[in-house]
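> using only what follows, build the 3D model:
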Amino acid sequence: MKKIVLLMAACSLTVALLQAQTDSAAEKKQKIFIASVTTMDKKLLKGYLSAVNDTQLVLKTKNDQLSVPAENLKSFTIKRKNSVLKGALIGFGIGAAAGIIIGLASGDDPKMAYPDPNDDPLGIGTMATALNNAFAMTAGQKAVAGGLGLGATGAIVGTIIGAVAKKKFIIGGKKEKFHDLQGELMMKLVNK
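Numbers count the residues shown, from 1 in each chain. Have a look, this model is predicted:
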């Protein structure tokens, strides 16, 4: 019974995490991207990507808004805000769920019976049996250990993926390249 409850909890957690990542199709909201822009005169500008139109890229910084004309764009990279945290949480959830399922599926470790003292005069078999029984785990204990171990591993992997997940665009000061990328950028900025 305990196994079934833990398995259902793991499945519910996985479903809840996956549901949290999907937005309602009717709801449109602007995604927040952090942008790093390199201009043709090698200046580095950082801020939130605010808007894109035919002729410029607009960044929002702490103090003001910066407009960078397409002919002044050498390259820029964008990445989602809080992508590291989201990656870590998703990785932890998937790893923990996998660890719990594996732990429950492996079942309880069997306990060994102690040997007859007459057959084991030095006590080596007794010590080996005691050591084996000390490390025997129930399915619930395996589920907890597996959930924590694989959850931590998943969080580390998710953190790394979230940190390196970014998209780079090379414009080279050419309005045509910027214009060709405009549709893709607009699709990234707005959820459907």
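
> which SS class is residue 66?
Secondary structure state of residue 66, per DSSP: H, G, I helix; E, B strand; the rest coil, is strand.

> ignore what I typed, I meant residue 38.
strand.

> any stretches of this structure with poor pLDDT?
For the chain, applying pLDDT under 70 flags the ranges 1-30, 189-192.

> can you show me the helices along it?
2-20, 83-106, 124-134, 139-164, 175-189 (DSSP state H).

> could you save the ones you listed as TSV and add columns showing distance to residue 77 and mean neighbour count?
No exception for glycine: its C-beta is placed from N, CA and C like everyone else's. Listed next are the helices of the chain as TSV, based on distance: least, Cβ to Cβ, whole Å; neighbours: other Cβ atoms under 10 Å:
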stretch	distance to residue 77	mean neighbour count
helix 2-20	26	13
helix 83-106	12	20
helix 124-134	53	12
helix 139-164	11	18
helix 175-189	12	14
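
> right, and those helices - which one's nearest residue 116?
The closest of the helices of the chain to residue 116 is helix 124-134. By Cβ to Cβ, the value is 9.0 Å.

> residue 145 versus the residue nearest the centre of the chain, what's the distance?
With distances taken as Cα atoms, centre = their mean, the residue of the chain nearest its centroid is residue 87 (2.0 Å). Using Cβ to Cβ, to the nearest Å, we find residue 87 at a distance of 24 Å from residue 145.

> cool, and residue 38?
The value you get for residue 38 to residue 145, if Cβ to Cβ is used, is 47 Å.

> cool, residue 64 as well?
Residue 64 is 52 Å from residue 145, by Cβ to Cβ.

> also residue 163?
On the measure of Cβ to Cβ, residue 163 and residue 145 end up 27 Å apart.

> over to residue 178?
Taking Cβ to Cβ, one finds residue 178 at 53 Å from residue 145.

> in space, what's closest to residue 181 - neighbours in sequence excluded?
residue 169 (5.7 Å; Cβ to Cβ, 6 or more residues apart in numbering).

> same deal with residue 175?
Once flanking residues are discounted, residue 175 sits nearest to residue 70: 4.7 Å by Cβ to Cβ, 6+ apart.

> check contacts around that neighbour.
Residue 70 makes contacts with 55, 56, 57, 171, 173, 174, 175, 178, 179, as judged by Cβ atoms under 8 Å, 6 or more residues apart in numbering.
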